[in-house]
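Peer 1: generate coordinates for the sequence data below:
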Amino acid sequence: MNAAATPTLTQDELKTLVGQAALQYVTPGSIVGVGTGSTVNKFIDALASIKDQIQGAVSSSEASTQRLKALGIAVFDSNAVPELAVYIDGADEIDAQGHMVKGGGAALTREKIVAAQSRQFVCIVDESKLVSSLGRFPLPVEVIPMASQRIARQFAAMGGTATLRLKDGQPLVTDNGQHILDVTGLSITDPLAFESQVNQWPGVVTVGVFAHQKATVCLMGTASGVKTITYA
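Peer 2: So this is what the prediction gives:
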């Protein structure tokens with residue numbers, strides 16, 4: 001007799017699991033930093049179940065703000081909140097040290113701002129996002145439009161290929177009114193140095209490497225459940 005097969009969880013089910021698991025990091029009575037993306041949407045849905053236990057949230061994007069408000073969760077301006085206990089967000093890639101690539105949802109600048117005002121960054125991902133070295137996912141870089149071609153040439157000198165992100169055939173415009181370059185062909189072996197270098201280029205609003213604002217905890221959805229990884 002064959003043993004019963006273990007059901008394989010879909011990526012959507014894994015996102016739901018880590019979104020629910022992140023609730024354990026939410027302190028009653030607090031204001032929560034909330035990121036952007038499909039995994040974070042699962043966390044927002046879970047957060048709605050305890051919305052009466054928190055003051056509200058600081059959001060990293062217009063899309064998340066709309067979802068939070070639709071579920072009856074108050075959204076605060078980041079300038080009105082000196083510090084957040086925790087920021088909960090997803091990632092496009094995460095390495096063994098907790099460095100991440102983010103910005104697939106075009107909210108990288110606001111995500112980095114909210115992360116910087118938070119004492120703890122809890123990253124929620126499924127195991128497909130774990131990489132040995134950053135760079136497999138196209139690296140998002142938010143840029144001021146007039147500088148996009150010069151910045152693309154600077155990445156070309158590094159061996160990367162920068163492509164302007166489009167939406168409906170036109171350059172995508174971020175919540176900040178800027179454009180996104182997606183850069184392929186890079187292997188980011190020193191995320192801290194790389195982030196510092198690219199952020200100094202004139203015209204770069206921010207690069208999607210999160211090394212200075214890396215994760216402190218990762219909740220990773222795996223076939224055997226949610227794995228908790230804590231970084232030094």
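Peer 1: burial count for Ile229?
Peer 2: Ile229 has 14 neighbours, counted by other C-beta atoms under 10 Å. (Glycine included, C-beta is placed from N, CA and C.)
Peer 1: and the closest residue to it other than its chain neighbours, what does it touch?
Peer 2: The shortest distance from Ile229 to any non-neighbouring residue, by C-beta to C-beta, 6 or more residues apart in numbering, is to Cys218 (4.3 Å). Counting by C-beta atoms under 8 Å, 6 or more residues apart in numbering, Cys218 touches Ile94, Gly98, Val122, Cys123, Ile124, Val125, Thr228, Ile229, Tyr231.
Peer 1: phi and psi next, for Ile73.
Peer 2: phi -100, psi 120 (degrees, to the nearest 10).
Peer 1: now do it: how many residues are near it, please.
Peer 2: Ile73, neighbours per other C-beta under 10 Å, totals 21.
Peer 1: among the contacts of Cys218, name the ones in strands.
Peer 2: Applying DSSP state E to the contacts of Cys218, the entries found in strands are Ile94, Val122, Cys123, Ile124, Val125, Thr228, Ile229.
Peer 1: how about the closest residue to Phe137 other than its chain neighbours, what does it touch?
Peer 2: Spatial nearest neighbour of Phe137, excluding adjacent residues (C-beta to C-beta, 6+ apart): Asp92 at 4.4 Å. Each residue near Asp92 by C-beta under 8 Å, 6+ apart is listed here: Met100, Val101, Lys102, Gly103, Gly104, Lys129, Phe137, Pro140, Gly208.
Peer 1: give the residue spans of this structure that score low on pLDDT.
Peer 2: Within the chain, the stretches with pLDDT under 70 are 1-7.
Peer 1: domain map for it?
Peer 2: Domains of the chain are assigned by automatic domain parsing as 11-132+212-230, 139-207.
Peer 1: pick the most deeply packed of those domains.
Peer 2: Among the domains of the chain, ranked by average contacts under mean count of other C-beta atoms under 10 Å, first place goes to domain 11-132+212-230 (a mean of 20).
Peer 1: sheet partners, orientation included, of whichever strand or helix holds the residue nearest to Ile229?
Peer 2: Per DSSP states H and E: Cys218 is located in strand 217-222. Each strand paired with strand 217-222, and its direction, by DSSP bridges: strand 121-126 (parallel), strand 225-230 (antiparallel).
Peer 1: how distant is the last one from the center of its chain?
Peer 2: The reference is to strand 225-230. Centroid separation for strand 225-230 versus its chain: 17 Å, with C-alpha atoms, centre = their mean, to the nearest Å.
Peer 1: format the CA atom coordinates belonging to it as CSV.
Peer 2: The C-alpha trace of strand 225-230 is given here as CSV (Å, rounded to 0.1, in the frame of the first residue of the first chain):
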residue,chain,number,x,y,z
GLY,A,225,5.3,25.2,7.7
VAL,A,226,6.6,28.6,8.7
LYS,A,227,10.3,28.7,9.4
THR,A,228,11.6,31.5,11.7
ILE,A,229,15.1,32.8,10.9
THR,A,230,16.6,35.5,13.2
